[in-house]
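In: Sequence plus predicted model, see below.
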Amino acid sequence: MKLKKIRKKSIADRIFYIGGFAMLGLFVLAIIVPIIYVLIASFMDPTILRNQGISFKVADWTLSAYKRVFENKMIWVGFKNSVIYSVAFTFISVLVTILAAYPMSKRDFVGKKIFNTFFVITMFFGGGLVPTYLLISNLNMIDTIWAIIIPNAFNVWNMILARTYYQSIPEELREASAVDGASELVHFVKILLPVCKPIICVLALYQFVGMWNSYFDQMIYLNNADMQPLQLVLRSILIQNTPEPGMIADIASMAEMSKLAELLKYSTIVVSSIPLLIMYPFFHKYFEKGVMMGSVKG
């Protein structure tokens, strides 16, 4: 039936459909091809990869890069730290965001415009790196988990998404709960939060991925190696096995180190991406609904 409907359309519509599908196909290829390349390259012998390119022959593959990565004890320490940081940051950030968005979504909230102005200003202007570091240092949060969680816990854009989602929920729901004698807290916890599960999942995914992939704040505020997340550990492993231009060593050692560095470059990408690839399917069913309803007021 769908094909018959498309055939009845004009030539211009057909060209538009074909062009749209072609562009969509190119976008999909632009995403899938690099992922496949990195995955296969992480198993390949770097000499064959450099000379012949990608090979699907199992004989040309090797597990030496993954063995080198997983034999490092700091990998497991970094993985544990990343999980702790990402889960704690996601919970605190989503909690703060939905609590701030709820009063901002109410029309009768006193001072709504003033708070909204302050929130928007912070989206365009910040204190800068040095003042922020001095503030974190004066609060004695250097080398603590709070140095990477507290400063970025509240995201204005996420608050706007959650606020718009709240506004899309019918006002009659609040009126019905008020008739039953429910307070604002009871209404928010028992009625509103279950309805807002899609936007909560979207915010959780945003914040978890952001914290999991971040490394700059951790590199500045965490000097203790036992507190560093996975991204910094993988970065250290890659740097340690990359030959420097002025390094004095025999040709064989330099070639072996360069070979290992080429392998580690792809294997570290795969290792750091696996948790996100596993987590995403569980949030996918909420993602589209949460983003669309949080972007346009219903």
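Out: Noted; the coordinates are in hand.
In: Please report how far the spatially most central residue of the chain lies from Ile191.
Out: When Cα atoms, centre = their mean is applied to the chain, the residue found nearest the centroid is Val209 (2.0 Å). As judged by Cβ to Cβ, to the nearest Å, Val209 and Ile191 stand 29 Å apart. Yep, even glycine has a C-beta here, placed from its N, CA and C like the rest.
In: circling back to that earlier point, what helix or strand is the residue nearest to the centre of the chain on?
Out: Val209 belongs to helix 197-213 when assigned by DSSP states H and E.
In: Next: Phe16.
Out: helix 11-41.
In: CA atoms only for the very next helix or strand once past that helix - export them in PDB, please.
Out: Remark: after helix 11-41, the chain's next helix or strand is helix 46-52, criterion DSSP H and E. Output of helix 46-52 as PDB, limited to C-alpha atoms (Å, rounded to 0.1, in the frame of the first residue of the first chain):
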ATOM      1  CA  PRO A  46      49.300  -2.500  12.700                       C
ATOM      2  CA  THR A  47      51.900  -3.400  10.000                       C
ATOM      3  CA  ILE A  48      49.200  -5.000   7.800                       C
ATOM      4  CA  LEU A  49      46.800  -2.200   8.700                       C
ATOM      5  CA  ARG A  50      49.300   0.400   7.600                       C
ATOM      6  CA  ASN A  51      50.300  -1.400   4.400                       C
ATOM      7  CA  GLN A  52      47.100  -3.100   3.200                       C
END
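In: what about helix 46-52, distance to the chain center?
Out: Averaging C-alpha positions (Cα atoms, centre = their mean, to the nearest Å) puts helix 46-52 32 Å from its chain's average.
In: tell me what it is packed against?
Out: Counting contacts by 3 or more Cβ pairs under 8 Å, 6 or more residues apart in numbering; DSSP states H and E, helix 46-52 is packed against helix 251-295.
In: quick check: mean pLDDT across the helix it packs on?
Out: The average pLDDT within helix 251-295 is 67.
In: again, but for stretch 125-145
Out: Stretch 125-145 comes out at a mean pLDDT of 87.
In: ends of it, how far apart?
Out: By Cα to Cα, to the nearest Å, the extent of stretch 125-145 from end to end equals 25 Å.
In: got it, and stretch 209-219?
Out: Across stretch 209-219, first to last residue, Cα to Cα, it's 18 Å.
In: and it, which residues are buried?
Out: Val209, Met211, Trp212, Ser214, Tyr215, Asp217, Gln218 (16 or more other Cβ atoms under 10 Å).
In: quick check, nearest of the residues you listed to Pro151?
Out: Distance ranking of the buried residues of stretch 209-219 against Pro151, using Cβ to Cβ, places Asp217 first at 7.5 Å.
In: Next up, the contacts around the closest one.
Out: With contact set as Cβ atoms under 8 Å, 6 or more residues apart in numbering, Asp217 has these partners: Ala147, Ile148, Pro151, Asn152.
In: I'd like to know how far the third one sits from Phe282.
Out: Going back to what we said before, that points to Pro151. Using Cβ to Cβ, we find Pro151 at a distance of 28 Å from Phe282.
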